[in-house]
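Chemist: Prediction below, plus the sequence it came from.
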Amino acid sequence: MTAIAQDENSGTTPVRAGFAFDEARLAGWMADHVAGFAGPLTVEQFKGGQSNPTYKLVTPGKSYVLRRKPSGALLKGAHAVEREAQVLIGLGKADFPVAHVHALCTDDDVIGTWFYIMDMVEGRIFWDATIPEVSRDARPAYFDAMNATIAALHNVDFEAVGLGDYGRPGNYFERQITRWSKQYFDDAEAGRDPDMDRVIDWLRDNIPAGDETAIVHGDFRIDNMIFHPTEPRVLAVLDWELSTLGHPLADFAYHAMMYHMPPYIVAGLAGADLAALNVPSEEDYIAAYCARTGRDGIPNYRFYTAFNFFRLAAIFHGIKGRVIRGTASSAQAADRARRFPELAALAWAQAVQ
């Protein structure tokens, strides 16, 4: 991620126009529902372009984070902050590194939309997958920490922590390929791409036999983790909007896709000199995950990688359509729209390797 993009997404600002709410009303609600809360309360807004507006709540004793649904009419099932709260609460029971959730509010009368409040976790977020902020000798430990964290997620007994109803188990790839293909084909304004057409057919014909179900994050990237301020340790995994019950190898391959991802699209390692950086190879990274999850390798690994590039390409294709229709006007949206053909080509390249 570029320095400009990092600056645009890091830190807080005063609450932006159109995102304000009754702060006194919120403070009163917190006094009744958040153990240990004591004002006065100051509200700031995080810069990042999350689909669910996110705020920093500052009090003399500690800081919290509030995530809310956007105002206005919403698509059914979108911006489900109650699902985010549910998965965070469940994973907290398993001692997985997530922020502690204090309370969920489903009363629109408090601040205008549903919201939840969790702890503010202080630490470091790395926006560049090569982690230039740490020394060459220290770098492998940070990759190992990420590897251990995603393995721990997939090892969670989701039934035992109350997440047995968090998604539909089974046929994950068939359902996902159908969903994203339909979105791609239905958006005629965004156009067609020959690589995308080819990879859709290839994925449909090459779904691996067998099935598994685990809690999957859906967007497990280095910049969605908070690391300890000085140690190679993940304190919290962020942004659970795409989480569900799904296939763990889809989730792992999305994370390991960083090895093939150009860094100007999202945080990636493509083109980097891994040996010079002292970053583990993709093969070693896969082996470490397999050891932690009791696997003897990952057959059909390229299918999982191709699937994830296809899925991300479909998301960027949707952004392209919104840019064309004038409903997504940010510079970041326009840049992502331009990257759609490159992601489709990367998906097809994985399929034919």
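Modeler: In hand now; what should we look at?
Chemist: for the stretch 151-300 of the chain, what spans make up the strands?
Modeler: 214-216, 225-227, 234-237, 244-246 (DSSP state E, counting those that start in this stretch).
Chemist: which secondary structure elements does the longest one contact?
Modeler: Contacting strand 234-237 under the criterion 3 or more Cβ pairs under 8 Å, 6 or more residues apart in numbering; DSSP states H and E are the following elements: helix 139-155, strand 225-227. Any C-beta I mention is one placed from the backbone N, CA and C, and that applies to glycine too.
Chemist: Switch those over to JSON lines; also include mean pLDDT.
Modeler: Shown next, in JSON lines, are the helices and strands packed on strand 234-237 (pLDDT from 0 to 100):
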{"stretch": "helix 139-155", "mean pLDDT": "98"}
{"stretch": "strand 225-227", "mean pLDDT": "97"}
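Chemist: Please identify the deepest-packed of the ones you listed.
Modeler: strand 225-227 (a mean of 22; mean count of other Cβ atoms under 10 Å).
Chemist: That one - contacts with which helices or strands?
Modeler: In terms of contacts (3+ Cβ pairs under 8 Å, 6+ apart), strand 225-227 is packed against helix 139-155, strand 234-237.
Chemist: what about the ones you listed, which gets the closest to residue 126?
Modeler: Among the helices and strands packed on strand 225-227, the nearest to residue 126 by Cβ to Cβ is helix 139-155 (7.8 Å).
Chemist: Tell me how far the closest one lies from the chain's centre.
Modeler: Taking Cα atoms, centre = their mean, to the nearest Å, one finds helix 139-155 lying 15 Å from the centre of the chain it belongs to.
Chemist: Select, out of the helices and strands packed on strand 225-227, the one closest to residue 52.
Modeler: Taking the helices and strands packed on strand 225-227 one by one with Cβ to Cβ, strand 234-237 is closest: 16.0 Å.
Chemist: so where do the helices sit in the stretch 101-250 of the chain?
Modeler: 108-111, 139-155, 172-186, 194-205, 248-256 (DSSP state H, counting those that start in this stretch).
Chemist: So for the fourth one, what gets flagged as buried?
Modeler: Which is helix 194-205. 195-196, 199-200, 202-203 (16 or more other Cβ atoms under 10 Å).
Chemist: in terms of contact count, name the helices or strands touching it.
Modeler: With 3+ Cβ pairs under 8 Å, 6+ apart as the test, helix 194-205 has helix 172-186, helix 301-325, helix 331-351 packed against it.
Chemist: just the angle between that helix and helix 301-325, please?
Modeler: 130 degrees (axes from the mean of the first three to the mean of the last three Cα atoms, to 10 degrees).
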